[in-house]
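Participant: what's the 3D shape of this:
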Amino acid sequence: MIKVQVRSNESLEAALRRFKRQCNFSGIFRLAKANTWHEKSSDERRRTRRERLRTIQRATRKNDPNRAAMAGRGRRRRR
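Facilitator: Numbers count the residues shown, from 1 in each chain. Model prediction:
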């Protein structure tokens with residue numbers, strides 16, 4: 001369970017923003033959204049397969065040795 005205490009000299013809106021951020025990081029909104037409707041098992045398999053592929057691609061991109069060589073060629077500063 002997520003608890004947020006309002007700090008002294010903190011507005012209620014700021015505390016609400018902190019609460020929403022903590023809910024997003026913990027995945028509560030995603031779980032609640034997933035359970036609001038019934039998903040066919042074939043659609044669920046397709047979705048989980050796509051998610052697995054996405055995480056695999058992200059991991060391979062992160063560990064790509066060619067990417068490290070291009071690290072210095074990132075954003076260029078405008079003058």
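Participant: drop to CA atoms for contacts and neighbour counts, all remaining ones
Facilitator: OK.
Participant: Pass me the low-pLDDT residue ranges in this structure, would you?
Facilitator: Counting by pLDDT under 70, the ranges of the chain that qualify are 68-79.
Participant: redo that, cut-off 50
Facilitator: Counting by pLDDT under 50, the chain shows no low-confidence range.
Participant: quick one: the residue nearest the centre of the chain and residue 18, what's the gap?
Facilitator: Nearest residue to the geometric centre of the chain (Cα atoms, centre = their mean): residue 25, 7.0 Å. In this view, residue 25 and residue 18 are 11 Å apart by Cα to Cα, to the nearest Å.
Participant: where does the residue nearest to the centre of the chain land in three-state SS?
Facilitator: Assigned by DSSP: H, G, I helix; E, B strand; the rest coil, the conformation of residue 25 is helix.
Participant: Would you mind putting the CA coordinates of the longest helix along the chain into PDB?
Facilitator: Taking DSSP state H as the criterion, the chain has its longest helix at helix 41-62. The C-alpha trace of helix 41-62 is given here as PDB (Å, rounded to 0.1, in the frame of the first residue of the first chain):
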ATOM      1  CA  SER A  41      -6.300 -15.700 -24.000                       C
ATOM      2  CA  SER A  42      -5.100 -15.500 -27.600                       C
ATOM      3  CA  ASP A  43      -4.800 -11.700 -27.300                       C
ATOM      4  CA  GLU A  44      -3.000 -12.000 -24.000                       C
ATOM      5  CA  ARG A  45      -0.500 -14.400 -25.500                       C
ATOM      6  CA  ARG A  46       0.100 -12.100 -28.400                       C
ATOM      7  CA  ARG A  47       0.600  -9.100 -26.000                       C
ATOM      8  CA  THR A  48       2.900 -11.000 -23.700                       C
ATOM      9  CA  ARG A  49       5.000 -12.100 -26.700                       C
ATOM     10  CA  ARG A  50       5.300  -8.600 -27.900                       C
ATOM     11  CA  GLU A  51       6.300  -7.400 -24.500                       C
ATOM     12  CA  ARG A  52       9.000 -10.100 -24.300                       C
ATOM     13  CA  LEU A  53      10.300  -9.200 -27.700                       C
ATOM     14  CA  ARG A  54      10.400  -5.600 -26.700                       C
ATOM     15  CA  THR A  55      12.400  -6.300 -23.500                       C
ATOM     16  CA  ILE A  56      14.800  -8.600 -25.400                       C
ATOM     17  CA  GLN A  57      15.400  -5.900 -28.100                       C
ATOM     18  CA  ARG A  58      16.000  -3.300 -25.400                       C
ATOM     19  CA  ALA A  59      18.500  -5.500 -23.600                       C
ATOM     20  CA  THR A  60      20.400  -6.300 -26.900                       C
ATOM     21  CA  ARG A  61      20.500  -2.600 -27.700                       C
ATOM     22  CA  LYS A  62      21.900  -1.800 -24.300                       C
END
